[in-house]
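I need the structure of the sequence given here:
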Amino acid sequence: MACEEHRGHREAWRACKERNGECRGRFLARFLFPFCASVFQTQTCMINDCTVRIKRPAMGCEFELMLCGRDRNYLVDAGNEAFEELARLEEQMSVFIPTSEVSYINASAAGGPVRVEPRLFNLLLTAARLSGETGGAFDISAGPIVKRWGFTNDAGEFAMPSDAEIGDIVKKVGMSHVELDVKECTIRFDGPGVALNLGAIGKGYAVREIVCLLRERGVTAGLVQGGPSTVYAMGNPSDDDAWTVGVRSPTDRETRIATVRLKDQALSTSGGHERFVEVNGRRYSHVIDPRTGYPVCGLLAASAVTSDAVESDALSTAFLVLGVEETREYCKAHDDLGAVLIPESEAGSAANVIRIGLEQ
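Sure, this is the predicted structure:
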């Protein structure tokens, strides 16, 4: 959606807030998964430019802006406005706040169509498309099975389900259970037990919206980072033609094992190595394959590079589920994509870095 449309939706929301005190369907989020810490910038703006860094906790992580320009006060104001937008998005998408729009959808959509705010509806359409393109490896309806494994309960307690339980819950997972009416901008579930969770796409969405707002305000260079999962490189530093962004080792956060050159692109990383449990000597990752209901294995981390932070966020999760060969095939069919994959390896052995569609 164009930035002009985004601006119109923001202004309508603010008018609604001023008129009614608050709008139905605004909500504060704490997202599911603290994804693999993976990105950091290695450059700054030239010394004769102004560089502003602003941080704000949101969505269960820390968002950081590094903005480049000539007027420090203007950059600070633009950054603060961007964080106001982040707060609005956070309030809208939470599955942990009972009054959130997504919570309202989850509570009501099995009983009939629920009207959805236009930008959120477009995000749901994107999620449905990506679910189809990845064969269900990415799926926003996987929340119930992740919750059953215990990775999202309030106490953070792992609760291994039985095979029978997994089979029953997986029957309710999949976008085939979700009806999106484009004409009416509504969503409906085909029965009880279906629920959405935007944890694998929400930070990328927030990053994209922040970038759009900053560009509207005339900011053309900088980095927007949504926790450890997604970074977007706006323009380029004045002393180089792109930003150099590092990918950290999934087993040693102080070690950079790959770099990627980004200009007006996003890099997102997903990994199951930082949040897991071991039962009887077997490790279970918090990242669940929506198609089977079981934790993924085979890759320690997966990164996706593309021009859209929403897609990079979702696809990094999909690539972690798909594995090396299916990710390679997906990227071959989408020539604007790149990937960095880190397969599991034996203890003590060096990490094997697989780059797909990216220059060395």
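
where does pLDDT dip in the stretch 201-350 of the chain?
Scanning the stretch 201-350 of the chain for pLDDT under 70 picks out the ranges 272-284, 346-348.

how about the helices in it?
202-216, 309-333 (DSSP state H, counting those that start in this stretch).

show me what the helix or strand containing Leu67 is packed against.
Taking DSSP states H and E as the definition, Leu67 sits inside strand 61-69. Applying 3 or more C-beta pairs under 8 Å, 6 or more residues apart in numbering; DSSP states H and E, we find strand 61-69 packed against strand 50-58, helix 72-93, helix 202-216, strand 221-226. Yep, even glycine has a C-beta here, placed from its N, CA and C like the rest.

neighbouring strands - and their directions - for it?
strand 50-58 (antiparallel), strand 221-226 (antiparallel) (DSSP bridges).

pick the most deeply packed of those strands.
Most buried of those, by mean neighbour count (mean count of other C-beta atoms under 10 Å): strand 221-226, with a mean of 25.

how far off centre is that one?
The chain centre lies 15 Å from the centre of strand 221-226; the measure is C-alpha atoms, centre = their mean, to the nearest Å.

then stretch 75-85?
With C-alpha atoms, centre = their mean, you get 20 Å for stretch 75-85.

OK, contacts around the closest residue to Val247 other than its chain neighbours?
Here the nearest residue to Val247 in space, its sequence neighbours aside, is Ala258; by C-beta to C-beta, 6 or more residues apart in numbering that works out to 4.2 Å. By C-beta atoms under 8 Å, 6 or more residues apart in numbering, the contact list for Ala258 reads 246-247, 340, 353, 355.

top of those by neighbour count?
Of all the contacts of Ala258, the most densely surrounded is Val340 (25 neighbours; neighbours counted as other C-beta atoms under 10 Å).

quickly compare the helices of the stretch 201-350 of the chain and say which is most buried.
Among the helices of the stretch 201-350 of the chain, highest average neighbours (mean count of other C-beta under 10 Å) belong to helix 202-216, with a mean of 25.

relative to strand 50-58, how tilted is that helix?
Helix 202-216 runs at 150 degrees relative to strand 50-58, counting by axes from the mean of the first three to the mean of the last three C-alpha atoms, to 10 degrees.

please save the CA atoms from helix 202-216 in CSV.
Extracted in CSV, the C-alpha atoms of helix 202-216 (Å, rounded to 0.1, in the frame of the first residue of the first chain):
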residue,chain,number,x,y,z
GLY,A,202,4.3,-8.1,13.3
LYS,A,203,7.8,-6.6,13.8
GLY,A,204,8.4,-6.5,10.1
TYR,A,205,5.1,-4.8,9.6
ALA,A,206,6.0,-2.2,12.3
VAL,A,207,9.4,-1.6,10.7
ARG,A,208,7.8,-1.1,7.3
GLU,A,209,5.3,1.4,8.7
ILE,A,210,8.0,3.3,10.5
VAL,A,211,10.1,3.5,7.4
CYS,A,212,7.1,4.8,5.4
LEU,A,213,6.4,7.5,8.0
LEU,A,214,10.1,8.6,8.1
ARG,A,215,10.2,8.9,4.4
GLU,A,216,7.1,11.0,4.5
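
by contact count, what packs against it?
Against helix 202-216 (3+ C-beta pairs under 8 Å, 6+ apart) you get helix 3-20, strand 61-69, helix 72-93, strand 221-226, strand 230-234, strand 265-271, helix 309-333.

out of the helices of the stretch 201-350 of the chain, which comes closest to Thr251?
Comparison of the helices of the stretch 201-350 of the chain against Thr251 by C-beta to C-beta identifies helix 309-333 as nearest, at 15.4 Å.

the strand holding Leu67 - what's its average pLDDT?
Averaged over strand 61-69, pLDDT sits at 96.

follow-up on the earlier one: need the helices of the stretch 201-350 of the chain in JSON lines with distance to Asp190, can you?
Below are these laid out as JSON lines (distance: least, C-beta to C-beta, whole Å):
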{"stretch": "helix 202-216", "distance to Asp190": "24"}
{"stretch": "helix 309-333", "distance to Asp190": "23"}
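
can you list contacts of the strand holding Leu67?
Taking C-beta under 8 Å, 6+ apart as the rule, strand 61-69 contacts 31, 34, 41, 44-45, 49-57, 75, 78-79, 82-83, 86, 203, 206, 210, 214, 218-229, 235, 237-238.

for Gly246, see how far away the residue nearest to Val247 is.
Distance of Ala258 to Gly246, given as C-beta to C-beta, to the nearest Å: 7 Å.

please apply the same query to Thr292.
From Thr292 over to Gly246 (counting by C-beta to C-beta), the distance is 33 Å.

switch the helices and strands packed on helix 202-216 over to TSV; also include distance to Thr186.
TSV is the format used below for the helices and strands packed on helix 202-216 (distance: least, C-beta to C-beta, whole Å):
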stretch	distance to Thr186
helix 3-20	17
strand 61-69	31
helix 72-93	16
strand 221-226	28
strand 230-234	29
strand 265-271	29
helix 309-333	21
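
nearest to Ile145, out of these?
Here helix 309-333 is closest among the helices and strands packed on helix 202-216 (C-beta to C-beta), at 12.8 Å.

which elements pack onto that closest one?
Helices and strands touching helix 309-333, by 3+ C-beta pairs under 8 Å, 6+ apart, are helix 118-133, helix 202-216, strand 230-234, strand 265-271, strand 299-306, strand 338-343, strand 354-356.

would you map out the domains in the chain?
According to automatic domain parsing, the chain comprises the domains 3-8+30-89+207-356, 101-189.

give me the number of residues near Asp336?
Other residues lying near Asp336 total 12 when counted by other C-beta under 10 Å.

perfect, I'm done here.
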